[in-house]
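Chemist: Structure for this input, please:
(chains A and B)
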Number of protein chains: 2
Amino acid sequence: MIARLADIAAAAGVSTATVSRVLNDRPGVAQATRNQVLVAAGRLGIPTGQPSAARDRHVAVLIPELGNPTFAAFANELSLLLSAAGRVMLLLVIGPSRTAEEQMPDVLGGLDVPGVISVSGTLADELSSPERYLGLNRAGIQLVSINAWHPEVTGSFLSTDDAASVAQSVAHLRSLGHTRIGLAVGQRRFQPTQRKVKAFLDLGFDESSVVSTFFTGEGGQSAAARLLDAGHTAIVCGSDVMALGAMREARSRGLDIPGDVSVVGFDDSALMPFTAPALTTVRQPVAALCRAAVDALLSALERPPAESTEMLFHPDLIIRQSTGPAA
Amino acid sequence: MIARLADIAAAAGVSTATVSRVLNDRPGVAQATRNQVLVAAGRLGIPTGQPSAARDRHVAVLIPELGNPTFAAFANELSLLLSAAGRVMLLLVIGPSRTAEEQMPDVLGGLDVPGVISVSGTLADELSSPERYLGLNRAGIQLVSINAWHPEVTGSFLSTDDAASVAQSVAHLRSLGHTRIGLAVGQRRFQPTQRKVKAFLDLGFDESSVVSTFFTGEGGQSAAARLLDAGHTAIVCGSDVMALGAMREARSRGLDIPGDVSVVGFDDSALMPFTAPALTTVRQPVAALCRAAVDALLSALERPPAESTEMLFHPDLIIRQSTGPAA
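Modeler: The predicted structure follows:
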């Protein structure tokens, strides 16, 4: 093999050490050089049969952003599970301009990633085209999507049961005697919002008790302002961060929580037991969703699934101090 | 070119579409197939001159975990800045078994990443070998390290000024009349802990006022228990999460914050304004550190720096409701 290494090295104009690195798929060689070596080997009729073993271990995870503690929790859990399965997670943050999603097929093709787990991707946004995810399908890259489903895209879809989360929150508040219950959610263009609103209306409330803003503290604060103005005594929020904003609004009006107003969150992100008061919230089954996502991906990599299905995961209501009897 | 595509396709045993994808560096072709095509092209004497443009845009970011909101904030900020600079961030979560760091040279070599930004990496751990970072140096991969410095490793080192953070916290507490001030920090093996302890002792306190546990809520709670037992009226913590644990311990003893005990955090992570009471804390200059890290990396990719330096960044004390006059 030594003689051949030298031949390839001479033909490619690089050192034998570099040739050896390329043939053994070791790091530290630029792609251009790597290609020169492979081309030279081919020219000399020397078989290389490069495996892509290292790259086959990569799994890309797409996440909208990491400022929201729930997305960070998903990413953290997926990293632990993928690492335990002998995989290396490449985490791509989509960001406000959705660059990572727009460039997704290119980036993933460049990385030779065989599979993707997308968390709350733009498939959940009815104003966004599924084109880039269809591109993954065409490229044979396996897709698992958490909390975002699309009928035209092939993949494994795993979602928190939004309808069940609203039903649990409302049942808890009704048991405390609340009747004027409001729903504060993010933009209607997103699937989880649509599902929560539908479930809420199905429980007998009307549109005047629903306020759509943004999934942020400020969004929660402004939604709460409108719901409190209209006389609601309890607010079910689309996220914990919105619930923190709703509590801030209630406090700024001199209202006591839960004496005057009850607030329920959604997510049960990391620091909620430490808020003032500790937040009653619906816990997203992050661990169960992530475990199922990793299982679904690994199994799809062995044998692509015959059909796309969506599985719904049941959330749990965690009762803390932000809810109490109606005044 | 069409004829040549067909020749390469025939020689490589793939379709002309696949050859075209490879020669144009498009996604959707497995690495093994890509190599076959390049080898076949070489064998036919057809120049390919594959650029590695796509991969040169990648920057790897290493982060210990994403459950801590401060690490999530660093990752989020770096993703925004790198994306604005036209780069794609590949985020690798190191995890409890440090898999991502152990496999780092291999993984990064496999990804052809030209540069790495490491946040609170094991370079800050005196019990950990710098070998894997030296491996990056040898492979010519540029390194920027945030909050972890090592004399033998070449790179740009950017850290929060831990000594200044302790000095600010202590000055604030002394101005409120506190004299029995304790320091609750994580393990001594970590550089930031060592620097905070040294600064604290330099301010005239003695070892009996320092408790080292872990950088977690439980760690803060158990450190606070020992400091409160010993009669301290104020606790400076090594992280916000430790401070939340310290407040929980004080409350569980029926103590009022800040009436009986004052608590200062470190980090100013996302939800601290919402804790009960809102936490007085030292804000890590995350935005400034990340901006400097991206600048340093982009400049090192153009021209590797002549020498390694460590720059210290000044933190700000954010006074909220968890500190008050000594009882």
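Chemist: Quick check: phi and psi at A:Val119.
Modeler: Taking degrees, to the nearest 10, you get phi -110, psi 120 for the backbone angles of A:Val119.
Chemist: Leaving out the residues flanking it, which one is nearest to the residue of the stretch 151-300 of chain A found nearest chain B?
Modeler: For the stretch 151-300 of chain A, the residue closest to chain B is A:Ala276, as judged by Cβ to the nearest Cβ, at 2.5 Å. Glycine gets a C-beta too; all of them are placed from N, C-alpha and C. Leaving aside its chain neighbours, A:Ala276 sits nearest to B:Ala276 (2.5 Å; criterion: Cβ to Cβ, 6 or more residues apart in numbering or on different chains).
Chemist: Next: A:Ser165.
Modeler: Take A:Ser165 and drop its neighbours on the chain: the residue closest to it by Cβ to Cβ, 6+ apart is A:Val282, 4.3 Å away.
Chemist: okay but the one you found is in contact with A:Met272, surely?
Modeler: No - applying Cβ atoms under 8 Å as the test, A:Val282 and A:Met272 come out as separate, 10.9 Å apart.
Chemist: what do those two both touch?
Modeler: Shared contacts of A:Val282 and A:Met272, defined by Cβ atoms under 8 Å, 6 or more residues apart in numbering or on different chains, comprise A:Gly265.
Chemist: Helices of the stretch 151-300 of chain A, start to end?
Modeler: Listed in chain order, the helices of the stretch 151-300 of chain A (DSSP state H, counting those that start in this stretch) span A:162-175, A:191-202, A:217-229, A:240-252, A:286-302.
Chemist: Nearest to B:Phe266 among the ones you listed would be which one?
Modeler: Closest approach to B:Phe266 among the helices of the stretch 151-300 of chain A is made by helix A:240-252 (21.6 Å; Cβ to Cβ).
Chemist: which residue packs closest to A:Arg87, ignoring adjacent ones?
Modeler: Nearest residue to A:Arg87 in three dimensions, chain neighbours excluded: A:Val59, at 4.9 Å (Cβ to Cβ, 6+ apart).
Chemist: Grab the most central residue of chain A for me.
Modeler: Centroid-nearest residue in chain A, with Cα atoms, centre = their mean: A:Val119, separated by 1.9 Å.
Chemist: beta partners for that residue?
Modeler: Taking DSSP bridges, one obtains A:Ile146 as the residues bridged to A:Val119.
Chemist: Surely it is in contact with A:Ile146?
Modeler: Yes - with contacts counted by Cβ under 8 Å, A:Val119 reaches A:Ile146, the gap being 4.7 Å.
Chemist: Find residues that contact each of these two.
Modeler: Shared contacts of A:Val119 and A:Ile146, defined by Cβ under 8 Å, 6+ apart, comprise A:Phe74.
Chemist: thinking again about what came up before, who touches the residue nearest to A:Ala276 in this structure?
Modeler: So, once contact is read as Cβ under 8 Å, 6+ apart, B:Ala276 ends up touching A:274-278, B:247.
Chemist: which is the next helix or strand following the helix or strand of chain A with the lowest mean pLDDT?
Modeler: Least confident helix or strand of chain A, by mean pLDDT, DSSP states H and E, is helix A:53-56 with a mean of 59. Where DSSP states H and E defines the elements, the next helix or strand beyond helix A:53-56 is strand A:58-63.
Chemist: I'd like to check the angle between that following strand and helix A:286-302, please.
Modeler: Angle, strand A:58-63 to helix A:286-302, by axes from the mean of the first three to the mean of the last three Cα atoms, to 10 degrees: 140 degrees.
Chemist: same for whatever helix or strand comes next after strand A:58-63, what does it pack against?
Modeler: Next along the chain after strand A:58-63, taking DSSP H and E as the criterion, comes helix A:69-84. If you count contacts as 3 or more Cβ pairs under 8 Å, 6 or more residues apart in numbering or on different chains; DSSP states H and E, helix A:69-84 packs onto strand A:58-63, strand A:88-93, strand A:115-119, helix A:240-252, helix A:286-302, helix B:69-84, strand B:88-93.
Chemist: Check the burial of A:Pro304 by counting its neighbours.
Modeler: Per other Cβ atoms under 10 Å in any protein chain shown, the neighbour tally for A:Pro304 reads 12.
Chemist: State the pLDDT value of it.
Modeler: The model reports A:Pro304 with a pLDDT of 86.
Chemist: got the contact list for it?
Modeler: Neighbour list for A:Pro304: A:Gln142 [criterion: Cβ under 8 Å, 6+ apart].
Chemist: which SS state does it fall under?
Modeler: Classification of A:Pro304 by DSSP: H, G, I helix; E, B strand; the rest coil places it in coil.
Chemist: Pull up the gap between it and A:Ala148, please.
Modeler: 20 Å (Cβ to Cβ, to the nearest Å).
Chemist: What of A:Val113?
Modeler: The span separating A:Val113 from A:Ala148 equals 19 Å under the rule Cβ to Cβ.
Chemist: picking up where we left off before, close enough to count as contact, the residue nearest to A:Arg87 and A:Leu111?
Modeler: No - using Cβ under 8 Å, A:Val59 is not in contact with A:Leu111; the gap is 10.3 Å.
Chemist: Need the residues touching each of the two.
Modeler: Residues touching both A:Val59 and A:Leu111 (Cβ under 8 Å, 6+ apart) are A:Leu90.
Chemist: the more surrounded of the two?
Modeler: A:Val59 (26 against 23).
Chemist: so A:Ser212 touches A:Phe190, yeah?
Modeler: No - A:Ser212 is beyond contact range of A:Phe190, at 9.7 Å (criterion: Cβ under 8 Å).
Chemist: In terms of packing, which of those two has more residues around it?
Modeler: It is A:Phe190, of A:Ser212 and A:Phe190, that has more neighbours when counted by other Cβ under 10 Å, with 23 against 17.
Chemist: do you know how far the residue nearest to A:Arg248 when sequence neighbours are not counted is from A:Gln36?
Modeler: Spatially, and ignoring its direct neighbours in sequence, A:Arg248 is nearest to A:Gln221 (5.6 Å; Cβ to Cβ, 6+ apart). If you measure A:Gln221 against A:Gln36 using Cβ to Cβ, the figure is 59 Å.
Chemist: A:Ala139 too?
Modeler: Relative to A:Gln36, and taking Cβ to Cβ, A:Ala139 is found at 26 Å.
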